[in-house]
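1. okay, predicted coordinates and the sequence, questions at the end:
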Amino acid sequence: MISDRDPQPRLVGRSSSHFTRLARLFAAELGVACAFVPVHDLASRDPADYAGNPALKLPVLVLREGPVFGAENICHALVPLATTDLRIVWTDQLPDLRARNAQELIWHGMGAQVQLVFGMQVAQLPAGNVYFAKAAEGFRNALAWLDANLEAVLQGLPPRDLSLLEASLFCLLDHLEFRDTLPVAPYRHLAAFAQAYRQRPAVQATVYAFDVATAP
């Protein structure tokens, strides 16, 4: 927890993680200053390395009241700390089935990206395994659906300054390029969306990077 002498929230995560990026993007949009604590060893199985998250997952926002687990949960927890009043569209405010399906496929894509990166790049497991082959195929199918439906989904969203759907979609698409997993260019609408969303100051302040451990 945070002591009274150190009241600033701490965000525990990785600068190379799209889930962490989503939390950092919301913090930047809301004007919430958070100290960033990178986790360098994803192979660790000690919950203490994940700010007490028993699921051994990131990100975690550490507040005086205790830890907040998970990107969407953190985004909600940041709102009471905001220095600016924004109109935010959350998942439960999405106007129709297509928009809710889009958000579900975005979460699926983010999970599949973790599965592919951790399994093949971190754990060095064979890419030809059916576990990864199916994940990659489902990922491509999800991107194709999002590309075909994106314009209608965005047009149906209510007036907003920020939406979880758009922010999470951008984090996913930008991560594909950062990690060189699947090309975004073939998905014309998704590529155009990412290019436009990239102009936001909060996006430019939270670019992906690999955290480098400093010598003790």
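-> Arrived safely. Residues are numbered from 1 along each chain as shown.
2. in the chain, which spans are helices?
-> 18-30, 71-78, 97-116, 130-156, 164-179, 188-197, 201-204 (DSSP state H).
3. looking at these, which is buried most?
-> helix 18-30 (a mean of 25; mean count of other CB atoms under 10 Å). Yep, even glycine has a C-beta here, placed from its N, CA and C like the rest.
4. quick one, that one and helix 97-116 angle?
-> Counting by axes from the mean of the first three to the mean of the last three CA atoms, to 10 degrees, helix 18-30 lies at 130 degrees to helix 97-116.
5. give the rounded mean pLDDT of helix 18-30.
-> What helix 18-30 shows for mean pLDDT is 98.
6. export it to PDB, keeping only CA atoms.
-> Extracted in PDB, the C-alpha atoms of helix 18-30 (Å, rounded to 0.1, in the frame of the first residue of the first chain):
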ATOM      1  CA  HIS A  18      -0.800  -3.300 -24.100                       C
ATOM      2  CA  PHE A  19      -2.800  -3.800 -20.900                       C
ATOM      3  CA  THR A  20      -0.300  -1.600 -19.000                       C
ATOM      4  CA  ARG A  21      -0.500   0.900 -21.900                       C
ATOM      5  CA  LEU A  22      -4.200   1.100 -21.600                       C
ATOM      6  CA  ALA A  23      -4.000   2.000 -17.900                       C
ATOM      7  CA  ARG A  24      -1.200   4.600 -18.600                       C
ATOM      8  CA  LEU A  25      -3.200   6.100 -21.500                       C
ATOM      9  CA  PHE A  26      -6.200   6.600 -19.200                       C
ATOM     10  CA  ALA A  27      -4.000   8.100 -16.500                       C
ATOM     11  CA  ALA A  28      -2.600  10.600 -19.000                       C
ATOM     12  CA  GLU A  29      -6.000  11.500 -20.400                       C
ATOM     13  CA  LEU A  30      -7.300  12.000 -16.900                       C
END
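7. list the helices and strands it packs on?
-> strand 10-13, helix 71-78, helix 97-116, helix 164-179, helix 201-204 (3 or more CB pairs under 8 Å, 6 or more residues apart in numbering; DSSP states H and E).
8. turn these into JSON lines, columns for distance to residue 46 and mean pLDDT.
-> As requested, these are exported to JSON lines (distance: least, CB to CB, whole Å; pLDDT from 0 to 100):
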{"stretch": "strand 10-13", "distance to residue 46": "13", "mean pLDDT": "98"}
{"stretch": "helix 71-78", "distance to residue 46": "21", "mean pLDDT": "98"}
{"stretch": "helix 97-116", "distance to residue 46": "19", "mean pLDDT": "95"}
{"stretch": "helix 164-179", "distance to residue 46": "25", "mean pLDDT": "96"}
{"stretch": "helix 201-204", "distance to residue 46": "32", "mean pLDDT": "98"}
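9. mind putting these in JSON lines, distance to residue 47 included?
-> What follows is the helices and strands packed on helix 18-30, written out as JSON lines (distance: least, CB to CB, whole Å):
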{"stretch": "strand 10-13", "distance to residue 47": "11"}
{"stretch": "helix 71-78", "distance to residue 47": "17"}
{"stretch": "helix 97-116", "distance to residue 47": "18"}
{"stretch": "helix 164-179", "distance to residue 47": "25"}
{"stretch": "helix 201-204", "distance to residue 47": "30"}
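10. still on that earlier bit, and the helices of the chain as TSV, adding distance to residue 52?
-> Shown next, in TSV, are the helices of the chain (distance: least, CB to CB, whole Å):
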stretch	distance to residue 52
helix 18-30	16
helix 71-78	14
helix 97-116	20
helix 130-156	29
helix 164-179	24
helix 188-197	33
helix 201-204	27
